[in-house]
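[1] Give me the fold of what follows.
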Amino acid sequence: MGDTKIQWHPGFVAAMNLEFAENKEDLEFQKEYNLNTKPLEIDLLIIKKRASIQISNEIGKFFRGHNILEYKSPEDHLDIDALYKAMAYASLYKAYGNSLDERKAEDITVTMIREAKPESLFRYLKEHNYKIQSSYQGIYYITGNLLFPTQIVVSRELNLSEHIWIGSLSQKMKKQDMRELFIRVQKLDSKFEKELADSVLQVSIEANKEVMESWKGDGAMYEALYEIMKPEILIREKEREEAGLQRGLQRGLQQGMQQGMQQGIRGAVGMLRSLGHSDSEIKEKMMEAYGLSEKEAENYMQLSL
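    Next comes the predicted model:
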């Protein structure tokens, strides 16, 4: 996969904004919500603006007033300690209201999202008498001795046609899935949604380089991809050009300074010679004044003959 670490979390926040696009006016999204002092941050906090809101997305049907979402990338573990950590975050969020019991415990939910099913966590929960129910494909409700209503979303099991955005945060995308993602991106109209989709697309492309390599011979697909990513590609090209120009200017400045110093030293050697100083005296002065080695000073003496 290469050495570059994939930035999953910005893609996750963008994907969830797109997942709930139909209710975007009804919800408030706060990414990396700061509980108190860093690094205690919730990945994403979604607040329903009105209790009566009906959310169309299957993931959001579980939501109440305050909804804490924690995302685990493919490299991260989702185990019992991660679940308790999410409970702790939810507890802190409940406790940090502006007034006593402002945020009701029964109005707070926890959602944990991961690509692969957390089999060991599910075994632990069953062994400890928690119940796991699946009302929707890939979405599991956990009931038992938990402080807050909790659901676990297994993105790999979701219906990709209905959850293309969160489902695309995967290292196992198929060619037809990537094609569907490109088509969905092209269909977006608003600038804001296109920017969100670009974040998802960047992560998906980075995580599925083999699929992209297999398309090298498909001119039509590459042309479509270029059209989708053109604004960002142009920005990157401009940044590279500016960086190259800056490096060129810096190099030129350094060369100019070096050439100027060389001319200055040669002029000083000629002047000291005209005043009757010996070459040994001049060499010693050059080494002292300009921090030259003996060999460098001798070269300047030769150039000034």
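[2] domain parsing for this structure?
    Domain assignment for the chain by automatic domain parsing gives 8-214, 236-303.
[3] what's the burial count for Arg64?
    Counted with other CB atoms under 10 Å, residues neighbouring Arg64 total 14. C-beta: built from backbone N, CA, C; applies to glycine.
[4] Look up phi and psi at it.
    Recorded main-chain torsions at Arg64 are phi -120, psi -140, according to degrees, to the nearest 10.
[5] Next one: it from Phe12, what distance?
    Noted for Arg64: a distance of 21 Å to Phe12, by CB to CB, to the nearest Å.
[6] Could you do Tyr71 as well?
    Distance from Tyr71 to Phe12, counting by CB to CB: 4 Å.
[7] Need the residues touching each of the two.
    Residues touching both Tyr71 and Phe12 (CB atoms under 8 Å, 6 or more residues apart in numbering) are 43-44, 113.
[8] wait, what's in contact with Thr111?
    59, 62, 67-70, 150-153.
[9] For Glu281, state which of those is nearest.
    Glu70 (75.3 Å; CB to CB).
[10] isn't Tyr141 right next to Val153, touching?
    No: between Tyr141 and Val153 there is no contact under CB atoms under 8 Å: 10.5 Å.
[11] neighbour count winner among these two?
    Per other CB under 10 Å, whichever of Tyr141 and Val153 has more neighbours is Val153, with 22 against 15.
[12] For the stretch 101-250 of the chain, which segments count as strands?
    Under the criterion DSSP state E, counting those that start in this stretch, the stretch 101-250 of the chain contains strands at 108-114, 131-136, 139-143, 150-154.
[13] Enumerate every residue touching Lys194.
    By CB under 8 Å, 6+ apart, Lys194 lies in contact with 185, 188.
[14] C-terminal to the helix or strand of the chain with the lowest mean pLDDT, what's the next element?
    Every helix and strand of the chain was ranked by mean pLDDT, DSSP states H and E. The lowest is helix 219-274, at a mean of 57. Per DSSP states H and E, the first helix or strand lying C-terminal to helix 219-274 is helix 279-290.
[15] Let me see the mean pLDDT of that following helix.
    Regarding helix 279-290, the rounded mean pLDDT is 75.
[16] what packs against that helix?
    helix 219-274, helix 294-303 (3 or more CB pairs under 8 Å, 6 or more residues apart in numbering; DSSP states H and E).
[17] Restricting to C-alpha, output it in PDB.
    Extracted in PDB, the C-alpha atoms of helix 279-290 (Å, rounded to 0.1, in the frame of the first residue of the first chain):
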ATOM      1  CA  ASP A 279      50.800  35.700  -0.800                       C
ATOM      2  CA  SER A 280      51.300  33.900   2.500                       C
ATOM      3  CA  GLU A 281      50.000  36.900   4.400                       C
ATOM      4  CA  ILE A 282      47.000  37.300   2.100                       C
ATOM      5  CA  LYS A 283      46.200  33.500   2.300                       C
ATOM      6  CA  GLU A 284      46.200  33.700   6.100                       C
ATOM      7  CA  LYS A 285      43.900  36.800   6.100                       C
ATOM      8  CA  MET A 286      41.500  35.100   3.600                       C
ATOM      9  CA  MET A 287      41.200  32.000   5.800                       C
ATOM     10  CA  GLU A 288      40.500  34.100   8.800                       C
ATOM     11  CA  ALA A 289      38.100  36.600   7.200                       C
ATOM     12  CA  TYR A 290      36.000  34.200   5.200                       C
END
